[in-house]
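Participant: My questions are about this predicted structure, shown below with the sequence.
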Amino acid sequence: MKNKERANTSQAAESLGALVELYCALLSKSSQEGDGIWSRFNAMVSINFGLFAAFVFVFQTDKPDFGLHRHTLLSVICLVGIVASIWSFYVLLRLWEWQQYWRDQLKKVEQGFPESQGWVRSFTPEGEEARLLMYDPGVKRSVWFGYTQPFIAIFVIAWIALLIISISSRF
């Protein structure tokens, strides 16, 4: 009888060890995904600021040496800015969806943790915290707007405004 209890305890410890290893791997993947989001966001913001600098440079130039009129060149820069911003919006949206996927996987693993004290459930809010967050585990969350999308949407609006200004006025 004691051998059977030891075997069950040993299996439970191995199972718990595997669960903790899986949790650590998922946590690492979630962290890597989060770092990737912000590095890509920074690159995309830099692209937009570079295009804004090009717009200002061409705007201040009387006759660009590119064989194009200033009006045409400003419109092209605005269109490239709009396309780059929309592309950035969808790339970042996809990255936020992956981040949410890894967090959902972490929630599933946390459900396998023992009910005893000392086990942290970082991705599964409980009690008062769940009520404050209006957390319902049965509701699938949408990641249509992550933390970065409003900034990229502002770039799209700014590029459209600059395009309208550059088309409508002959300066």
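Facilitator: It's in.

Participant: Name the helix or strand of the protein that has the lowest mean pLDDT.
Facilitator: helix 127-132 (a mean of 46; mean pLDDT, DSSP states H and E).

Participant: I'd like the next helix or strand past that helix.
Facilitator: Where DSSP states H and E defines the elements, the next helix or strand beyond helix 127-132 is helix 149-168.

Participant: buried stuff in that next one?
Facilitator: Neighbour-count burial for helix 149-168 flags 149, 151-152, 155-156, 158-159, 162-163, 166 (criterion: 16 or more other C-beta atoms under 10 Å). C-beta here means a position set from N, CA and C on the backbone, and glycine is covered the same way.

Participant: which among those gets closest to V80?
Facilitator: Set against V80, the nearest of the buried residues of helix 149-168 by C-beta to C-beta is W159 (8.7 Å).

Participant: who's in contact with that closest one?
Facilitator: Taking C-beta atoms under 8 Å, 6 or more residues apart in numbering, we find W159 in contact with 78, 81-82, 85.

Participant: how far away is the closest residue to it other than its chain neighbours from E14?
Facilitator: Excluding its sequence neighbours, the residue lying closest to W159 (C-beta to C-beta, 6 or more residues apart in numbering) is G81, at 3.9 Å. In this view, G81 and E14 are 56 Å apart by C-beta to C-beta, to the nearest Å.
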